[in-house]
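# Pasting the sequence and the predicted model now:
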Protein chains: 2
Amino acid sequence: MYKEINIGLIGLGVIGGQVAKVLQEKAGDLSLQAGTPIKLRKIKVLPSDLEKPLVRQFPEELFTTNDDDFFNDNSIKIIIELIGGERPAYDYITRALQGGKHVVTANKEVIAKHGLKLRALAHEHGASLYYEASVGGGIPLIAPLETDLRANYIKSIYAIINGTTNYILTRMSKDGIEFERALADAQKLGYAEANPKNDIEGIDAAYKIAIMATLAFQSEVRPEEVYNKGISKLDSRDFRYAGELGYEIKLLAIAKQYDNAIEARVHPAFIHKDSVLAGVNGVFNAVSIEGDLVGQVVFTGQGAGPLATSSAVISDVLRAAGNYTLGTSTSAIKINAAKVVQPIANIITRYYLRLSILDSTGVLASIARVLGAHKISIASVIQKETDTLSQTAEIVIMTHPAAGRAVDAAISELSMLQVVKEINNVIRVEEQ
Amino acid sequence: MYKEINIGLIGLGVIGGQVAKVLQEKAGDLSLQAGTPIKLRKIKVLPSDLEKPLVRQFPEELFTTNDDDFFNDNSIKIIIELIGGERPAYDYITRALQGGKHVVTANKEVIAKHGLKLRALAHEHGASLYYEASVGGGIPLIAPLETDLRANYIKSIYAIINGTTNYILTRMSKDGIEFERALADAQKLGYAEANPKNDIEGIDAAYKIAIMATLAFQSEVRPEEVYNKGISKLDSRDFRYAGELGYEIKLLAIAKQYDNAIEARVHPAFIHKDSVLAGVNGVFNAVSIEGDLVGQVVFTGQGAGPLATSSAVISDVLRAAGNYTLGTSTSAIKINAAKVVQPIANIITRYYLRLSILDSTGVLASIARVLGAHKISIASVIQKETDTLSQTAEIVIMTHPAAGRAVDAAISELSMLQVVKEINNVIRVEEQ
């Protein structure tokens, strides 16, 4: 019962540093929870990390920069990987699992790209691989999808799963500011990185929805199959129209299954202002899961940040400790279905279109003709704010449901009309 | 690997019937999930149940009315108890666990009253006891408290955890109707029982918060220690004032811990209309959990109904099947702390007071004097709607934080003032 469980930690960045601190500060309580002493034994860092002031908060003998020294320490039973990025994290996780060590990670990129393989590897070596922290920070999502909702056929997941972009969109919606300023504010507050591409372009959210969809649908959804479109093209005018029409604009990560098909996509979307997700603001995350039995359940919380993420990491450490004590391991991911991820061109939704047009008679008729030729029917139109000097007006069209393919074709035709000066934006409307 | 796992079901009421149906209809899929055939083998019912039309949907040989026939069937490995109420459910669960069978139940009364003992009994016999369905229908709550959020020191739980009362309060708030009519509508729609006492008086919610608090605080919270006050005294006027003041009225189940004390209580409360729980309407449930690491996480969904409840029951069956296959069991509940549940008189909150008074000069001064004598300070006052004939006015006072003891004493003194015609309502205000 009272064999000590030693932990090895890889990485001493923002998350790694926090996890190391919690492991030290809560050592007594965590050992009580696990029924056996839990001890941070080694931290593997880069030589440059040793310059960080944070290092001085821990006993010097905890640190190593040597891979062999770390991975060959047989007293270490659980390894926490918190360096992020695909390499060398993937190699480290592989090496740890091959050594029969239980692994806990927050690495969405590695899990999205290699999760199936790594779970199988863990199972083969009697080890565990836990990654609750890879999606939604401390919000329980992986465990509910794998266990608590397991009796369900999961129909859909609608998620606000990137706090950086949700902060930016909230500011644009509430304060009427433009994207660039909202991004700059997010960077100032530490909500966005200096290079914000992964967040802004929806790449981060695509990793996360791929991880959830694979578990929910028990069918492999690879991140490169997830369509992603970012938020940098959104304009304060889009938010103003959204408000007038009763909508909010959110970066949604969506996964659905029906028959033999799967949808998996990340893009800005109009959602009705009364929907649950429309009310999720700032850096908060929310994931709405619909199952055939449970109906809709929604999980909300802080989706990032070192403290919230450490909640998931350390709860996973306790799970792994339980496995170590019992001699059990995690199972491989069950893949029951081989469903095809639909190309975005096949996906049917309503659309919001915003165009700058010449303010002359017959323009709306020409536009309607093009849309009609592609079987896109118009639900409502707003025409506004004629600039008398340039004779330009702006027109906003809400369509009835149409496939991406039809809309793309119509848009490319519209852009060639002389009366259309610019296609300002094309955004899907989701009924969640 | 492919040993069949036989299920025994006790009860064929609304929930039991639904669970039996899902076990039949999803047999193939559930077997795939469990990695071994899952089979509904026996349903224990009362002789009177055999008259139900539902019975004809299942093969006759499934049914038994004989206890020994059911409990002595050694081919049954998992028993699902869905009759509700304390007895004989408690005896059935005890008998099943003593026989080393894994038990799944939705029975909040039995778990709230006997959960610790039964978990210990399960552990002793190498069996499991799962009860995710006992709180919040299909919403994962038990597993998050026990596992996913386990690294946290849980500071508080604020919950809307009874759909019947939330439906009634939503109708009273949105439609301005009185309690009796809202209750009648709830009964017509099947949201409230013919005898609604357990829901209306907060007894059901008290069981549920006792179950959650015991897990969250790892300290036994017995249902009789949970203060409960129902919603039948609420008046449409309270909702009108709440609206004016920027609040909603909800039946909250609250549990908190600090130092060596625990709060556990169920009562109607004013909550700010912008708070997460204020937006939870109709039969929906929502549970907001605050941990030291994770911050605030909120779980929302349908908290009742046969289909949603079957999601939790059957996911628990899969959990139990996993234990059976691996030869593992659930642990006993870890009780680390022996914290004292505070009497409601000690609990300090702001208050809403509504009084009918004589409309004469100096009345407010007299009232303020009484409150002041009990160290209750007034935050705001509304005085309204004088009935000139009877010379009656209504006064609404929002106080600063005060202990229940002080408010009770002040109220009893106020009720003796000649200028106070009636104490209409006294409701706590919660900052969640």
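It's in.

# what residue lies at the spatial centre of chain A?
Nearest residue to the geometric centre of chain A (C-alpha atoms, centre = their mean): A:A205, 2.8 Å.

# can you give me how far the host helix or strand of it is from the chain middle?
Using DSSP states H and E, A:A205 maps to helix A:203-217. Remark: helix A:203-217 is offset 7 Å from the chain centroid, using C-alpha atoms, centre = their mean, to the nearest Å.

# Following element in sequence after it, please.
Proceeding N to C from helix A:203-217, the next assigned helix or strand is strand A:227-228, under DSSP H and E.

# Give me the contacts around that next one.
For strand A:227-228, contacts defined as C-beta atoms under 8 Å, 6 or more residues apart in numbering or on different chains pick out A:E201, A:G202, A:I203, A:A205, A:A206, A:A264, A:R265, A:V266, A:H267, A:P343, A:I344. C-beta: built from backbone N, CA, C; applies to glycine.

# partner strands of the lowest-mean-pLDDT helix or strand in chain A, parallel or antiparallel?
Every helix and strand in chain A was compared by mean pLDDT, DSSP states H and E; the lowest is strand A:378-387, with a mean of 86. Strands that pair with strand A:378-387, judged by DSSP bridges, come out as strand A:392-399 (antiparallel).

# if I pick A:L318, what's in contact with it?
Neighbour list for A:L318: A:L30, A:Q33, A:A34, A:I38, B:T147, B:R150, B:A151 [criterion: C-beta under 8 Å, 6+ apart].

# How about residues contacting stretch A:117-125?
Under the contact criterion C-beta under 8 Å, 6+ apart, stretch A:117-125 has outside partners A:93-94, A:97-100, A:103, A:110-111, A:128-129, A:329-333.

# Excluding residues flanking it in the chain, which one is nearest A:G279?
Sequence neighbours aside, B:G279 is the residue nearest to A:G279 in space, at 6.6 Å (criterion: C-beta to C-beta, 6 or more residues apart in numbering or on different chains).

# Backbone dihedrals for the one you found, please?
Main-chain torsions, B:G279, degrees, to the nearest 10: phi -90, psi 0.

# ok, now A:A255?
Phi and psi for A:A255, reported as degrees, to the nearest 10, are phi -140, psi 130.

# my guess is it contacts A:S156, does it?
Yes. Using C-beta atoms under 8 Å, A:A255 is in contact with A:S156, at 6.8 Å.

# Those two - which one has more neighbours?
A direct count of neighbours by other C-beta atoms under 10 Å in any protein chain shown for A:A255 and A:S156 places A:A255 higher, at 26 against 18.

# just checking, what packs against the helix holding A:A205?
helix A:108-124, helix A:142-143, strand A:154-160, strand A:227-228, strand A:247-258, strand A:261-272 (3 or more C-beta pairs under 8 Å, 6 or more residues apart in numbering or on different chains; DSSP states H and E).

# buried residues in the longest one?
In other words, helix A:108-124. Residues of helix A:108-124 classed as buried by neighbour count (16 or more other C-beta atoms under 10 Å in any protein chain shown): A:108-115, A:118-119, A:121-123.

# Quick check: bridge partners of A:L129?
Beta bridges link A:L129 to A:V103, judged by DSSP bridges.

# next one: stretch A:114-130 to chain centre, how far?
22 Å.

# Alright, I will stop here.
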